[in-house]
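Chemist: Generate a structure from the sequence data that follows.
(4 chains)
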Number of protein chains: 4
Amino acid sequence: MALRGLLRVGEVCIRVMDMKKARRHYDEIMGLHEVMEGPDGKVYYKCWDEHDHHSIILNPSDRPGMDYFAFKVSSDSVLTDLEPKIEKFGLKVKHIAAGVYPKSGRRLEFVLPTGHTMHLYAEKEQIGNTMPTLNPGVTPDDGVVRGCHINRVDHLLLGGQHIQESARLFMEVFDFDLSERFVEKESQMPLAMFLTCSTKPHDIAFVLQPEQNKYHHTSFWLESSHDVTKAADRLGKYRVPIDVGPNRHGITRGATIYFFDPSGNRCEVFAEGYVHYPDTPTLTWDTTDAGHATFSQDNIVRESFLQVLT
Amino acid sequence: MALRGLLRVGEVCIRVMDMKKARRHYDEIMGLHEVMEGPDGKVYYKCWDEHDHHSIILNPSDRPGMDYFAFKVSSDSVLTDLEPKIEKFGLKVKHIAAGVYPKSGRRLEFVLPTGHTMHLYAEKEQIGNTMPTLNPGVTPDDGVVRGCHINRVDHLLLGGQHIQESARLFMEVFDFDLSERFVEKESQMPLAMFLTCSTKPHDIAFVLQPEQNKYHHTSFWLESSHDVTKAADRLGKYRVPIDVGPNRHGITRGATIYFFDPSGNRCEVFAEGYVHYPDTPTLTWDTTDAGHATFSQDNIVRESFLQVLT
Amino acid sequence: MALRGLLRVGEVCIRVMDMKKARRHYDEIMGLHEVMEGPDGKVYYKCWDEHDHHSIILNPSDRPGMDYFAFKVSSDSVLTDLEPKIEKFGLKVKHIAAGVYPKSGRRLEFVLPTGHTMHLYAEKEQIGNTMPTLNPGVTPDDGVVRGCHINRVDHLLLGGQHIQESARLFMEVFDFDLSERFVEKESQMPLAMFLTCSTKPHDIAFVLQPEQNKYHHTSFWLESSHDVTKAADRLGKYRVPIDVGPNRHGITRGATIYFFDPSGNRCEVFAEGYVHYPDTPTLTWDTTDAGHATFSQDNIVRESFLQVLT
Amino acid sequence: MALRGLLRVGEVCIRVMDMKKARRHYDEIMGLHEVMEGPDGKVYYKCWDEHDHHSIILNPSDRPGMDYFAFKVSSDSVLTDLEPKIEKFGLKVKHIAAGVYPKSGRRLEFVLPTGHTMHLYAEKEQIGNTMPTLNPGVTPDDGVVRGCHINRVDHLLLGGQHIQESARLFMEVFDFDLSERFVEKESQMPLAMFLTCSTKPHDIAFVLQPEQNKYHHTSFWLESSHDVTKAADRLGKYRVPIDVGPNRHGITRGATIYFFDPSGNRCEVFAEGYVHYPDTPTLTWDTTDAGHATFSQDNIVRESFLQVLT
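Modeler: Down below sits the predicted model:
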């Protein structure tokens, strides 16, 4: 059966402290496409191969972090079906009417056990990926794929205290699979949990943090590890602050670069990784192999991975 | 919601006329792993990153082609649920007890409108991908990834007369999405239909043929187009008959090589392609752009694409 | 000792029949940079990572082909030293004063045994690769690397009757090494000879032809086979006529695409290949392995390779 | 003119403290091929695509570092020609008879101004790259390209006090070109100098050090940055100590990984970089851009780069 229910991270609203610098980062350097500026100063972006109107929203603020994120679901009836289940799980669901969020149908809003505000919506205006649906070709016109050659938003990593509860919501209510987990060796306490609703190794993940509602990163999908190498050249050229240069995660096997936007929010470009199916065994990594689990090409544990969130 | 119902092509039973030559092709050259030989002479293979016991079965025969293919489903209850729906669609369902097919749970068997025998099963013995589930690492030991560096079976392309009916079965009963279709310009008659149950651009496809029950190819997934280039070097070294050398399909955007096994069955190695979601618009290609639709890097229509099947 | 004497193909003057179409081909699609238009209608191009003013000249004409090509030499004294040696070899040397060819120092002109007009020059105005020589960085600004991501002219393949004589000139007078040769099996007659003055597998090559002064192709160097794959996508998008799609030459091991400009002149993009040294044994291929020698990924002998020249 | 005079780093004799561990590192993990063990316990290796008998020698010792290195020259007469020039430069030249060094013709030995012992030789037994010289093909048999897919030794980086003098020897006597240099901003004092005798960006380099005769690394050439990514996966799998993970040098534009053998000697895998010609302007980097000059993808200055040598 094709993907039904929750489909993907469809929207991330990121707080930025200097919109001019943020625009340069997300648009000129990363290569996202600005599609709209709201009367409230929010700036809306899409990645080139996404069909929906936007996926990233920059919200002018005096501090970094994430305001909310949203998953798109496969139809309006999914919203109706999920609402009582979310309430039964113990979360209060708020209704947001169509149009309150630009280009979007009605939404459900609730707060995760880890403190993050999450939305679900079934409808968003589609503006396409610049290629027609009749004889589309394979390569967009010059200027569409640019910057770091980002095709789409891939996944989110969020930090908070009750990651097992947030993971349980995704598994029990949203029917995600747990693809991988990272645990403290002695106690077997989960330090990070990776969840998927697709054939990707993860669509969302949670990392244990002393504070609630922390934002680790949004990850952007590139077509190949070769594009990751080229993205590293570009980020280096523009002196973008790098958290971890080109490497490969043990968890997910994904090729990665972690870097920061001018407000200190972490971004990731990501490629490859295995194909996940529901019958793929859940993989467990423990703290004895923390270096390889996080950055398998040099096995160095970066303190920043667990400690720098916005 | 994670993938449920039909998950993937889990088994393809291919007829080969000379097992010694076939072994050399699938094992030594392509790099699949032989896991078992049956008392009936069937030889069983898996790709390295698949967890199930086998995915490809070679059946000694006096003619090429495909005996049957099977999709794995997410649980036994899916079989129970689907049986009446398949019957209602108009296909007769045969029960096959667990163990009749080695390492496999019970199966449903039926014949598609295009003449192909299809199985559904929920259980197969898992033997893993050689990497542990605790601190697995990212790279298997030497010798596991070999040959053409094939990670897993990706999809099937089958030929027959009633491709719209077979596609309807997958869409209406198995809840697949139609990702792309290739149509005759004047009549808008579908010549090929591409269906997905995942975030891949297709899991199965059908191509119009004058004869029923024809086999076009099984496709094997590689990690990147760079691996496709290396596979081309390898296939060339061993003088494997090439149908179409390295190219990129317009349909699916996948990097591809088509080549033949010693019995004349077509194989494909495949990489990249876009990420598909249920809300991605269905793409249509017509016969005015047939070259680009099939082989977008040189736009040459290969007669063999529509005419050479086994 | 660093490269001295003849350095590289520094200039190729190609006849084109429709400058508007030619400009679109070499500039917009391939991504060369137009640097000048002469009063005689010649249009001058450079590849981005070349430092000299231009390397490709398009000359409006009523037929395709090559007017002349030129090697740059390491210093003016090389011209003085070589002149009597070329004369002694039996070729008449003509002097061309500095400035006759734009941006160029004085030249020697002579006609090869295969009928091609060749120049040698030591000086050409340098305009750089857009990156400074102090703290240059590794990646040019946006828009510099574009089109097919061509870094520089790599080599030439020319056709004519007396290829052994032309090769002898390059070996005995210009001190090139014979890296590879392709011979007719029975007679051992050379059908093609590949010559290098660098660590590249070839800088110039000659292919036996019934007619003198034929032009097979100019080859343009890309950074990797991944860029060749991307170039193939681009050439396919713009429906550029493809002679041979992505493949790998046996001879030189180079990744390649052969395609035609709108006048029918063949172009190549090329990457990889081995590192050649003077003590690397000369490799010989014969007609029993003609397919692999030319296009090793599918071993198909293309008639056009030996028959389509301009 | 093809390369003449000094051709390439043909031999590096590296001291290792535990031959069993060293063998595992250079042979099993990196994938060099052991070709001989000497009666003195030295172990000889070649990279697969080198034709000479060996290029790397491991010498059992109680401390790490390099005993000597050797350049191969194009003919015996080069030795005769160079001897008086080296003496005139001020270095004492010692004669070593053919056969003293296994498989090698006669050698000249002298000590560089930076304290390193250097040899020149014109002859070494050739054993080939496993592929025939008649119809060689492009890909060796399985098992030849293995480990980190190292094709050949690329260059050396050596440390000492008088790097300008060592560079002058290479430029004035051996006729190398200075491709790049890294200087202290205020004083313009060279901290590192990069020299080439080929179309590669460097064949040898010197870095300023308080001590003489220090060994920074031997670099091994891979075919592409994709192979560098794969090498990083492999080095990570075997927990090889990584100095700097996948990155790109500003100087040379080469894709790189720095890692250590079990004795603490640094190794590098290297790919890409620009094509250098004698008329390419010398590039200068200064200490204001030290991060980008050394590791351009994250611009981080590694202390180890200037301080960890053996």
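
Chemist: of all of the stretch 51-200 of chain A, which residue lies closest to chain D?
Modeler: residue A:148 (12.4 Å; C-beta to the nearest C-beta). Bear in mind the C-beta positions are built from the backbone N, C-alpha and C, glycine included.

Chemist: burial count for that residue?
Modeler: Applying other C-beta atoms under 10 Å in any protein chain shown, we find 24 other residues in the vicinity of residue A:148.

Chemist: Need the CA coordinates for the helix or strand bottoming out on mean pLDDT in chain A. CSV is fine.
Modeler: For chain A, using mean pLDDT, DSSP states H and E, the weakest element among its helices and strands is helix A:303-307, scoring a mean of 86. Output in CSV follows, covering the C-alpha atoms of helix A:303-307 (Å, rounded to 0.1, in the frame of the first residue of the first chain):
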residue,chain,number,x,y,z
GLU,A,303,30.1,17.3,22.1
SER,A,304,28.1,19.7,20.0
PHE,A,305,25.9,16.9,18.7
LEU,A,306,24.3,16.4,22.1
GLN,A,307,24.7,19.9,23.5
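
Chemist: what does it rub up against?
Modeler: When contacts are defined by C-beta atoms under 8 Å, 6 or more residues apart in numbering or on different chains, helix A:303-307 is touched by residues A:191, A:207, A:209, A:243-244, A:294.

Chemist: one more time with 6 Å, if that's ok
Modeler: By C-beta atoms under 6 Å, 6 or more residues apart in numbering or on different chains, the residues outside helix A:303-307 that reach it are A:243, A:294.

Chemist: Buried residues in it, which are they?
Modeler: Residues of helix A:303-307 classed as buried: A:305-306 (neighbour count, 16 or more other C-beta atoms under 10 Å in any protein chain shown).

Chemist: May I have the distance across stretch A:120-128, first residue to last?
Modeler: Chord length of stretch A:120-128, first to last residue, is 21 Å (C-alpha to C-alpha, to the nearest Å).

Chemist: Quick check: residues of chain A near chain B?
Modeler: Proximity of chain A to chain B is confined to A:1-5, A:7, A:74, A:133-136, A:138, A:175-177, A:197-199, A:223-224, A:248, A:250, A:253, A:272, A:277-278, A:281, A:283-285, A:289, A:296 under the rule C-beta under 6 Å from any C-beta of the partner chain.

Chemist: From chain D, how far out is the residue lying closest to residue A:16 once chain neighbours are set aside?
Modeler: Using C-beta to C-beta, 6 or more residues apart in numbering or on different chains and skipping the chain neighbours, the partner closest in space to residue A:16 is residue A:22 (3.8 Å). Counting by C-beta to the nearest C-beta, to the nearest Å, the separation of residue A:22 from chain D is 21 Å.

Chemist: cool, residue A:248 as well?
Modeler: When residue A:248 is compared with chain D (using C-beta to the nearest C-beta), they lie 6 Å apart.

Chemist: same question, residue A:34
Modeler: Distance check for residue A:34 against chain D: by C-beta to the nearest C-beta, it reads 26 Å.

Chemist: ok, back up a step: please spell out the ChimeraX selection for the buried subset of the residues of chain A next to chain B.
Modeler: Isolation of the buried members of the residues of chain A next to chain B (16+ other C-beta under 10 Å) is achieved in ChimeraX through the command below:
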select /A:1,2,3,4,5,7,74,135,136,138,175,176,177,197,198,199,223,224,248,250,253,272,277,278,283,284,285,289,296
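
Chemist: can you count the residues close to the residue nearest to residue A:126 when sequence neighbours are not counted?
Modeler: Spatial nearest neighbour of residue A:126, chain neighbours left out: residue A:51 (4.8 Å); criterion: C-beta to C-beta, 6+ apart. The criterion is other C-beta under 10 Å. On that basis, residue A:51 has 17 neighbouring residues.

Chemist: wait, residue A:51 sits on residue A:125?
Modeler: No: under the criterion of C-beta atoms under 6 Å, residue A:51 is not in contact with residue A:125, lying 9.9 Å apart.

Chemist: about what we covered before: of the residues of chain A next to chain B, which belong to helices?
Modeler: Among these, no member falls in helices (criterion: DSSP state H).

Chemist: Among the residues of chain A next to chain B, which are located in strands?
Modeler: When strands are assigned by DSSP state E, the members of the residues of chain A next to chain B inside them are A:7, A:177, A:248, A:272, A:283-285.

Chemist: What segments of chain A are helices?
Modeler: For chain A, the helices defined by DSSP H cover A:19-23, A:76-89, A:163-168, A:225-237, A:290-294, A:303-307.

Chemist: average pLDDT across the third one?
Modeler: What that stands for is helix A:163-168. Averaging pLDDT along helix A:163-168 gives 98.

Chemist: which ones are touching the closest residue to residue A:86 other than its chain neighbours?
Modeler: Spatially, and ignoring its direct neighbours in sequence, residue A:86 is nearest to residue A:93 (5.3 Å; C-beta to C-beta, 6+ apart). By C-beta under 6 Å, 6+ apart, residue A:93 lies in contact with A:83, A:86-87, A:108, A:110.
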